[in-house]
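Student: sequence plus predicted model, see below.
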Amino acid sequence: MEEHGFENKPPSAVDVARRAAILKHQFVHVATTPGRELVRQLSAQWSDVDRRKFTAAIEENRRHLVDELRSSGLWEGTSPSERAIFEYPPLQLTDRQIIDTSWRAEALGCLVWALGLLDRLPTYDTQMDPKQVLPLITVNEVGAFVRDATLRPSSEIERARDVAELWQWRSRTRELQEKR
């Protein structure tokens, strides 16, 4: 069984909308958490009280996000690695967690396209700009976003998947050839 429980059955529009909302939450959470180095530089001149207040505010934002995920019913759809990011102290996120999350913009682009919210599928040879897709996922109204979700025709999604698999195969083949 795959990490999100879809096995061999294609996800429904509701499933895709829920994944998009979860990924948006994760992306925004990590993108709005200041990096450890920046915090270290800025906080070097702060008092202990100011540091504690700042850390408490960041932690409060994290708790609010998790509460929002739970109250909207999205928490159950998070994967173990996503839960780790949401539960991990924000100022201690690892570089790997931050990098992995940045790649979520690519997945968001595909999900938003499948939901018909983007006219064209993002290209495979350029990095997805999160500013293009984040506004399209209305997490402040998750219930309506999920309930009203519809997918493109399955034949269109299948064609796009075939193309994506070809790009992945070509990329992997080139990588293996370059290692020789």
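Tutor: Arrived safely, thanks for sending. On a predicted model such as this, the values are computed, not experimentally measured, just so you know.
Student: can you give the distance of the lengthiest helix in the chain from its chain's centre?
Tutor: The helix that spans the most residues within the chain, counting by DSSP state H, is helix 154-179. How far helix 154-179 lies from its chain's middle: 21 Å, per Cα atoms, centre = their mean, to the nearest Å.
Student: may I see the buried residues of that helix?
Tutor: By 16 or more other Cβ atoms under 10 Å, the buried positions in helix 154-179 come out as residue 157. All C-beta spots, glycine's among them, are computed from the backbone N, C-alpha and C.
Student: for it, packing partners?
Tutor: For helix 154-179, the packing partners by 3 or more Cβ pairs under 8 Å, 6 or more residues apart in numbering; DSSP states H and E come out as helix 104-114.
Student: now the angle from the helix it packs on to helix 154-179?
Tutor: Angle, helix 104-114 to helix 154-179, by axes from the mean of the first three to the mean of the last three Cα atoms, to 10 degrees: 150 degrees.
Student: so what touches helix 104-114?
Tutor: 16, 19-20, 23-24, 26-27, 118, 120-122, 127-130, 132-134, 136-137, 151-152, 157, 160, 164 (Cβ atoms under 8 Å, 6 or more residues apart in numbering).
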